[in-house]
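**Q** No letters, just coordinates:
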């Protein structure tokens, strides 16, 4: 089975049960079971794949079917460890007086999917305000988490980054967010008080977890799909479809992304939902998205997220133009151009190499 | 003093568990454990029965009745399963509930005695 045939089957699995045009899978095309299952695990689609096998939509030989069951068991065990971690992390943040919002995996598994076993995840995502970011890192240190990467300068992540990845010796990770995406669109959305909106709560064990409200969860799923990996990962697209089916206030979403000047991200995500999973989008949000024309900035910013042209330096350069003032731009550029000694030692192996990156940043950010 | 065994003492699910319930099994993780426990077969049947507090004897009787097997043949396996679930911290004795005195929102108004003037 070719890579494209594997991808087609993955798309069919990710679209399972949705109101979508069926992804064309040639029934006579042989299934390379091990390759397909490796891809299913990587995309965290084991739950939907098992559902497809049970429903007769995916045929696997007995050994591959057993392998899929084992993979799903392993994934569910990870999901539960991560949910337990979310409970303890939420308790630490509450104790430190930090307002947080749970994002993505557990939130969507327990609030929009018909069965949480269909929505697996690989880490825990938590959003806090920039002003609380460093205190949140300190609070999670009590659970033995530490930053995977050194930040360029103290408080850089709290002011400018998407967030920071925190890891622990047992391999579990917390993705602590300040905003919902890296690069220029994440920067723009980060000027909105995302944590200030009324939360959606769900219960895990004994804990009541506060998560993003439905509208912002939809915006986040769109950001993840449109600005994450390229080509887009399938689970975030499925999340968009699940959120559309669950329902939300489209006007709130439109106002939110219009205020943040990120409208084009939603258009791109909805296009991907239709082209990749075959899910038609209609209603107010689709009518609105169809009328959008990307600006020069939108086109330039979107290019920095595409794999052929994707780089941290290019995203950083275009992010400069998403800043609200010259003061912000100077602070951002100087932190990247002259980072701390610790950062240079950890990431760049010397200031000379760093200078090359800074020049690339300057070249990339010259015009809007 | 007679020891309280799971045969005579009720057991229930512990609090604070995170769970995935599938067609094939239930996966459960307690607050104090590093790894989830996968419950299949009899363990799952016992777990399902503990959706309310029950003694081992009650669970055994119900399962024996449902599956048409001899109670005596099942008792030891149910006991062992309950012990295993208890050791894993996902099954406990039900907490003792102390009922609070009923608060009276609107106490009966006591009318003030009618003053009877002595004429």
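**A** Okay, I see it. Note that this is a predicted model, so its numbers are computed, not measured.

**Q** From here on, just use CA atoms for contacts and neighbour counts.
**A** Fine.

**Q** any idea where the strands of chain B begin and end?
**A** B:10-13, B:18-21, B:26-29, B:37-39, B:54-55, B:91-92 (DSSP state E).

**Q** okay, those in JSON lines with distance to chain A next?
**A** Formatted as JSON lines, the strands of chain B follow (distance: least, C-alpha to the nearest C-alpha, whole Å):
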{"stretch": "strand B:10-13", "distance to chain A": "11"}
{"stretch": "strand B:18-21", "distance to chain A": "5"}
{"stretch": "strand B:26-29", "distance to chain A": "7"}
{"stretch": "strand B:37-39", "distance to chain A": "8"}
{"stretch": "strand B:54-55", "distance to chain A": "21"}
{"stretch": "strand B:91-92", "distance to chain A": "14"}
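
**Q** Please give me every residue in contact with the closest residue in space to residue A:111 that isn't next to it in sequence.
**A** Sequence neighbours aside, residue A:202 is the residue nearest to residue A:111 in space, at 7.1 Å (criterion: C-alpha to C-alpha, 6 or more residues apart in numbering or on different chains). If you count contacts by C-alpha atoms under 8 Å, 6 or more residues apart in numbering or on different chains, residue A:202 has them with A:107, A:110-111, A:208-211.

**Q** Filter those residues down to just the buried residues.
**A** Among the contacts of residue A:202, the ones that count as buried by 16 or more other C-alpha atoms under 10 Å in any protein chain shown are A:107, A:110-111, A:209-211.

**Q** in the chain, what spans have low per-residue confidence?
**A** Picking chain A for this. Within chain A, the stretches with pLDDT under 70 are A:1, A:21-28, A:308-309, A:348-368.

**Q** ah, no, chain B please
**A** For chain B, the ranges with pLDDT under 70 are B:1-7, B:97-119.

**Q** Near chain A, which residues of it are found?
**A** Residues of chain B lying close to chain A by C-alpha under 8 Å from any C-alpha of the partner chain are B:15-22, B:27-29, B:31, B:34-36.

**Q** out of these, who has the most neighbours?
**A** Of all those, the highest neighbour tally under other C-alpha atoms under 10 Å in any protein chain shown goes to residue B:29, namely 25 neighbours.

**Q** Next one: the nearest residue to that residue once chain neighbours are set aside relative to residue A:332, how far apart?
**A** For residue B:29, ignoring the flanking residues on the chain, the nearest one in space by C-alpha to C-alpha, 6+ apart is residue B:36 at 4.3 Å. Look at residue B:36 and residue A:332: by C-alpha to C-alpha, to the nearest Å, they are 44 Å apart.

**Q** Over to residue A:115?
**A** Counting by C-alpha to C-alpha, the separation of residue A:115 from residue A:332 is 43 Å.

**Q** Kindly report the same for residue A:138.
**A** Distance from residue A:138 to residue A:332, by C-alpha to C-alpha: 23 Å.

**Q** These two - which one has more neighbours?
**A** Between residue A:138 and residue A:332, residue A:332 has the larger neighbour count (other C-alpha under 10 Å), namely 21 against 17.

**Q** picking that back up, export the buried ones among the contacts of residue A:202 to a markdown table and tack on secondary structure?
**A** Output for the buried ones among the contacts of residue A:202, formatted as a markdown table (DSSP: H, G, I helix; E, B strand; the rest coil):
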| residue | secondary structure |
| --- | --- |
| A:107 | helix |
| A:110 | helix |
| A:111 | helix |
| A:209 | strand |
| A:210 | strand |
| A:211 | strand |
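
**Q** and of these, the nearest to chain B?
**A** residue A:110 (11.0 Å; C-alpha to the nearest C-alpha).

**Q** Let me see the contact set for the closest residue to residue B:39 other than its chain neighbours.
**A** Distances taken as C-alpha to C-alpha, 6+ apart place residue B:26 nearest to residue B:39, at 5.2 Å, with adjacent residues excluded. Residue B:26 makes contacts with B:19-20, B:38-40, B:44, as judged by C-alpha under 8 Å, 6+ apart.
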